[in-house]
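**Student:** Mind looking at a prediction? Sequence and model below.
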Amino acid sequence: MHGVIRIGNLKLLPEKAILIGRTCIISDLHLGFENVVGSYGLTFPRVQIIETINSINKIIEKYKINRLIIAGDLKHEFGKNLPLEWDDVETFLNKFLDLKMEFVRGNHDNFLSIVLAKYCFELKESTKVDKWTVVHGHKECDAKRIIMGHEHPAIKVRINKAIYAYPCFLQVELAEKKIIVLPAFSPLMAGVDVLSTEGFLSPILKGVSPKDIKVYALSGEEVIFLGKIENIKNALLDLSS
């Protein structure tokens, strides 16, 4: 597959997803984000649900998937179900009822179980695909092979006066433990720059060194291996000197 990078039995897709067989894993959709922004008096076009549905439809068509796993943060608001957010989640569910769908709890998914119960879906703490455990990443996990979200990783590069952000996958290998971090699937999440952050949110990544993290950036229809965070930082320092 053009533009895809394989790591064992995983395929890192330029569509911000991981493919294992015919199972697709995505994370951090943050549906209803526009409704949350609007509650603060700001006007924001309600476009995310349309883009999300279109993106998943392209994945279904291109990769012939029959199982979709949401690795947390399907919705955005912490404290309650906002009207338009609820509507976006139901629109999403109704659109993909023909797929086998599984939902892993994220830290933003408070009250999501109320919506899912109407469609007989369970909100899980984790799920398994082959030998991989899928979690959101906001809690500890003792599994040896983990696929997670939560971090919204990105690479941000300044060129002249402009800053360009590229969502990315992260790969961590520590002793017997293997971890893959998904980029945020939401088109509205700019991402957190892994080159400038002083640490990660997830307890799963606590104490992980930049020299242990490989970066795979997304650019158009390509997934591009950039190397380890430490080496990328050093290369950028050499370019600027």
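**Tutor:** Done, it's in.

**Student:** where does the protein have low pLDDT?
**Tutor:** By pLDDT under 70, the weakly predicted segments of the chain are 1, 35-45, 78-81, 237-241.

**Student:** Regarding it, what is its longest strand?
**Tutor:** strand 162-174 (DSSP state E).

**Student:** Run the angle between the helix or strand following that one and strand 162-174 for me.
**Tutor:** Sequence-wise, the next helix or strand downstream of strand 162-174 (DSSP states H and E) is strand 177-181. Angle, strand 177-181 to strand 162-174, by axes from the mean of the first three to the mean of the last three C-alpha atoms, to 10 degrees: 160 degrees.

**Student:** strands paired with strand 177-181, and their directions?
**Tutor:** Strand 177-181 sits in its sheet next to strand 145-148 (parallel), strand 162-174 (antiparallel), going by DSSP bridges.

**Student:** Single out the most deeply packed of the ones you listed.
**Tutor:** Mean neighbour count (mean count of other C-beta atoms under 10 Å) peaks for strand 145-148 among the strands paired with strand 177-181, with a mean of 24. C-beta coordinates here come from the backbone N, C-alpha and C atoms, glycine included.

**Student:** With just CA atoms, put the next helix or strand after it into PDB.
**Tutor:** Later in the chain than strand 145-148, the nearest helix or strand by DSSP H and E is strand 153-159. Extracted in PDB, the C-alpha atoms of strand 153-159 (Å, rounded to 0.1, in the frame of the first residue of the first chain):
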ATOM      1  CA  PRO A 153       1.200  14.100  19.000                       C
ATOM      2  CA  ALA A 154       2.400  16.400  16.200                       C
ATOM      3  CA  ILE A 155       5.600  17.900  14.800                       C
ATOM      4  CA  LYS A 156       5.700  21.700  14.500                       C
ATOM      5  CA  VAL A 157       8.300  23.300  12.200                       C
ATOM      6  CA  ARG A 158       8.900  27.000  11.800                       C
ATOM      7  CA  ILE A 159       9.700  28.000   8.200                       C
END
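
**Student:** Need the contact partners of strand 153-159.
**Tutor:** Strand 153-159 has contacts (C-beta atoms under 8 Å, 6 or more residues apart in numbering) with 163-170, 181, 183, 190-196, 215, 217, 226, 232, 236.

**Student:** Please repeat the previous calculation with a cut-off of 10 Å.
**Tutor:** 163-170, 181-184, 189-197, 200, 213, 215-219, 224, 226, 229, 232, 236, 240 (C-beta atoms under 10 Å, 6 or more residues apart in numbering).

**Student:** the inter-axis angle of that strand versus strand 162-174?
**Tutor:** Using the same axes, to 10 degrees: strand 153-159 against strand 162-174 is 140 degrees.
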